[in-house]
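**Student:** for reference, the sequence and a predicted model appear below.
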Amino acid sequence: MNLEEKILEIMRETFETQDISTATSQRNCARWDSLRHLTLASELEDAFDIDLEPEEIATMTDFSHVLEMIQSKL
Amino acid sequence: MTTFVFRNHTVEAFFGYDDITYSGYDDISLVPDDADRYIWFFQVPINTDCTQLAQEIESYIDQLDIVIAHVKDSKPFIIFSLESLFSLRLAGNETVVTEAINRFNLHAIELEKKYPNVKWVDFSEFTSRYDSETLVNWKYYLMSQTLLNPKLARDFQSWWQRINAELDLQRKKCLVLDLDNTLWGGVLGEDGIDGIKLGGDYPGNAFHYWQRSLLQLSKNGVILAVCSKNNEDDVIQAWQLNPNMVLKQEHFAAVRINWKDKATNMSDLADELNIGLDSMVFVDDSPAERELIKQLLPQVEVPDFPEKPYQLMPFFKHLVERYFRIYAVTAEDRDKTRQYQENAMRHAERSRYADLESYLYSLDIAIDVIPVDEHRVPRVAQMTQKTNQFNLTTHRYTESDVRQLMEQGWHLFCMNESDRFGDNGVTGTIFLEPLDDITVNIDTLLLSCRILGKGVEDAFVKTVLNLLRLDGYRRVKAQYVPTAKNIQTADFYDKLGMTCTKTSPDGVKDYEMELKQVFEINNCYNIRVL
């Protein structure tokens, strides 16, 4: 599974919906609320064995920013 | 089922989002009455002013009282114990916070005793697995008010699932134990009565603690049995003569000490005790025996046995938590081993009498038919959960279900049965749903298998139907729903004189009968209606 697919999979599980794509953002996905946003951050930290700072978590508001952030950490 | 959670921190990561509603933080102004159950999950807040924090914790006691007073007592209310996740004491002797936490927890336990719908859950069982650095993740706490580390969410969910299973009364009935290297160290046949390791120094003391713990388990309603390859005479001698033996013959409801294969012995034990194989847990130090049981009797639970004697106490804890703990021990539970033993005596007695009738007379059977009251709801609900063999419909009900049926005007009776060998306690129940002014439907009819074989079921049902007839009912309907275990009841209603009106392809049979006259009941039973 490539990086993008792995992130999408984590997002599907966290938000409990299959309706997730590379275009998904906090604005167009109702289930991506502030609480699940933190669950997503926590899941990403565990899945990729990285640490995300609060400021960084705050910028990850759509898929492409999430992807960028993870890439910069690996 | 919808759940409403009273909380003072963010807990969505642990309980999820489906069928669940959360209160505001520290907010008891709303107590919704449409929830099916309630959870109180407060955590000790972060506050370095200990005096202030203690006062805040004290205020939870009042808040909890107010909430419970507003919740209908037919709905489950689960209180999590308060646990300190991050304790900070500026002075070493500052104990006000600990004292306040203890007061809250003691109060919650009192509430559980006072209100049958309240259950207290010991949250320390979960938190004690972790150190304080793991319990609180400051990054997430400060971003989201999630005090308990969200990284523990998965662990929490599996723990919570187990607690829920316990709350729903799904537990095993019988623990079957091997002897050599299981209840004591060494092999009796080789080491001799005084050579086996039991009591004294390690490893004997480990087996001693283990036996004492098992004895406590049996006092709490778990049936103990033995399945061992040994010479029975050697074992009986060891039971009598080894001064350190805690568990002796009288503590086991049934024993199989012989050289037959253990699968056959386990099936025999299930028959003798009149319980299902799926109610049994098999504990044996031999991996080969465990594998045999796993393969041949997959219904039996077979936990791994610890390799070292010093691991026996954690193993005991595991057994209790995984298979045997429930949240309400009834008086019947505590007496179970004795009751099963008395049953074995009754079997012996039976063969001495030529015909059943004189045998029944000799037993001095007394049957009390009791309308179900609040006091008996836990036992009645427990019977619907656990009874498989003599159970006509196998409808399972929780305590709050039972309370709701009572509120809806159903007629619920239970039965206390005793004979000259002892009091069997509340061992049968019948739920009747009024369909109209003259018709009732038997929704549930069950009897504990340990009292069967004495015709008690017949006398119980007839007594209840006579009572209903006095109340003006003239027609009774009933159903038999077949399961893998209740075949012995398939023709119960036919024998009672009911007419089968319909048989569905799945084997469900509908019955009907007019209540024309009073049923005659054999007067070998001493029946009282309370």
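**Tutor:** Good, I have the coordinates. The structure presented is a predicted model; accordingly, all values stated were derived computationally and were not measured.
**Student:** give me the three-state assignment for residue B:513.
**Tutor:** strand (DSSP: H, G, I helix; E, B strand; the rest coil).
**Student:** give me the domain ranges for chain B.
**Tutor:** For chain B, automatic domain parsing gives the domain ranges B:3-167, B:174-324, B:356-529.
**Student:** redo these as a markdown table? Include distance to chain A.
**Tutor:** The way it works is simple: take the backbone N, C-alpha and C, and place the C-beta from them, glycine included. Listed next are the domains of chain B as a markdown table, based on distance: least, C-beta to the nearest C-beta, whole Å:
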| stretch | distance to chain A |
| --- | --- |
| domain B:3-167 | 5 |
| domain B:174-324 | 26 |
| domain B:356-529 | 27 |
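**Student:** as JSON lines, those with mean pLDDT would be great.
**Tutor:** Below are the domains of chain B laid out as JSON lines (pLDDT from 0 to 100):
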{"stretch": "domain B:3-167", "mean pLDDT": "89"}
{"stretch": "domain B:174-324", "mean pLDDT": "92"}
{"stretch": "domain B:356-529", "mean pLDDT": "90"}
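**Student:** with mean neighbour count and distance to residue A:52 added, can I get those in JSON lines?
**Tutor:** Formatted as JSON lines, the domains of chain B follow (neighbours: other C-beta atoms under 10 Å in any protein chain shown; distance: least, C-beta to C-beta, whole Å):
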{"stretch": "domain B:3-167", "mean neighbour count": "17", "distance to residue A:52": "9"}
{"stretch": "domain B:174-324", "mean neighbour count": "18", "distance to residue A:52": "35"}
{"stretch": "domain B:356-529", "mean neighbour count": "18", "distance to residue A:52": "43"}
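**Student:** biggest helix in chain A by residues?
**Tutor:** helix A:34-48 (DSSP state H).
**Student:** and that helix, which residues are buried?
**Tutor:** A:35, A:36, A:37, A:38, A:39, A:40, A:41, A:42, A:43, A:44, A:45, A:48 (16 or more other C-beta atoms under 10 Å in any protein chain shown).
**Student:** same thing with stretch A:1-14?
**Tutor:** A:7, A:8, A:10, A:11, A:14.
**Student:** sorry, back to before: for the buried residues of helix A:34-48, point out the one with the lowest pLDDT.
**Tutor:** Least confident of these in the model: residue A:35, at 86.
**Student:** chain A against chain B: which residues are in contact?
**Tutor:** Counting by C-beta under 8 Å from any C-beta of the partner chain, the positions of chain A adjacent to chain B are A:16, A:34, A:35, A:38, A:39, A:42, A:45, A:46, A:53, A:54, A:57.
**Student:** how about the strands in the stretch 1-150 of chain B?
**Tutor:** For the stretch 1-150 of chain B, applying DSSP state E, counting those that start in this stretch gives strands covering B:3-7, B:20-25, B:37-41, B:77-80, B:118-121.
**Student:** okay, those in JSON lines with distance to residue B:204 next?
**Tutor:** Compiled in JSON lines, the strands of the stretch 1-150 of chain B are given as follows (distance: least, C-beta to C-beta, whole Å):
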{"stretch": "strand B:3-7", "distance to residue B:204": "49"}
{"stretch": "strand B:20-25", "distance to residue B:204": "51"}
{"stretch": "strand B:37-41", "distance to residue B:204": "44"}
{"stretch": "strand B:77-80", "distance to residue B:204": "40"}
{"stretch": "strand B:118-121", "distance to residue B:204": "37"}
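**Student:** redo the buried residues of stretch A:1-14 as a markdown table? Include pLDDT, secondary structure and distance to residue A:23.
**Tutor:** Listed next are the buried residues of stretch A:1-14 as a markdown table, based on pLDDT from 0 to 100; DSSP: H, G, I helix; E, B strand; the rest coil; distance: C-beta to C-beta, whole Å:
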| residue | pLDDT | secondary structure | distance to residue A:23 |
| --- | --- | --- | --- |
| A:7 | 95 | helix | 13 |
| A:8 | 96 | helix | 11 |
| A:10 | 95 | helix | 17 |
| A:11 | 96 | helix | 12 |
| A:14 | 92 | helix | 17 |
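**Student:** give me the mean pLDDT for the helix or strand harbouring residue B:338.
**Tutor:** Using DSSP states H and E, residue B:338 maps to helix B:336-350. Across helix B:336-350, pLDDT averages out at 65.
**Student:** need phi/psi at the spatially closest residue to residue B:460 that is not a sequence neighbour.
**Tutor:** Distance criterion C-beta to C-beta, 6 or more residues apart in numbering or on different chains; nearest residue to residue B:460, sequence neighbours excluded, is residue B:415 at 5.0 Å. Backbone torsions for residue B:415, taken as degrees, to the nearest 10, come to phi -130, psi 130.
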